[in-house]
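>>> Dropping the sequence and predicted coords here.
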Amino acid sequence: MISTIFYGLGLILLIEGLVYVLAPHFVEKMLVTLKDMSYEKRRLFGACMALLGALILLFVKMF
C-alpha cells in the first residue's frame, strides 16, 4: 500500500517536472490565468481535476 502511494507521488513529480522542462512558458501563462480566477472557480477546477484523477485511478484498477 505505502509503495503504491510513493509510486503515485513519484509519477506526479515526474509529470510536473517534465511540464516545467518542456513548456515553461505554458506554466507562466497558466499561473497568470489562475491568478485572475476567483477562489470559487479555482476550487471548482481543483475538484474537477481531483475527480478526474480518481476516475482514472478507478479505470486503471478495473482493467
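On my side now, so go ahead.

>>> gap between the strand or helix carrying residue 41 and the chain center?
Residue 41 belongs to helix 39-62 when assigned by DSSP states H and E. Chain-centre distance of helix 39-62: 9 Å, with CA atoms, centre = their mean, to the nearest Å.

>>> quick one: the residue nearest the centre of the chain from residue 56, how far?
For the chain, the residue nearest the mean C-alpha position is residue 49 (6.6 Å; CA atoms, centre = their mean). As judged by CB to CB, to the nearest Å, residue 49 and residue 56 stand 11 Å apart. C-beta coordinates here come from the backbone N, C-alpha and C atoms, glycine included.

>>> cool, and residue 25?
Taken as CB to CB, the span from residue 25 to residue 56 is 27 Å.

>>> repeat for residue 6
Noted for residue 6: a distance of 18 Å to residue 56, by CB to CB.

>>> Could you do residue 13 as well?
Plainly put, residue 13 is 17 Å away from residue 56 if you go by CB to CB.

>>> likewise residue 40?
The gap separating residue 40 from residue 56 is 25 Å, by CB to CB.

>>> Check residue 7 too.
14 Å.

>>> Check residue 38 too.
In terms of CB to CB, residue 38 sits 27 Å off from residue 56.

>>> try residue 18
To residue 56, residue 18 is 17 Å away according to CB to CB.

>>> same check, this time on residue 35
From residue 35 to residue 56 the distance is 27 Å (CB to CB).

>>> Same check on residue 47?
15 Å.

>>> burial measure for residue 19, as a count.
Residues within reach of residue 19, counting by other CB atoms under 10 Å, total 13.
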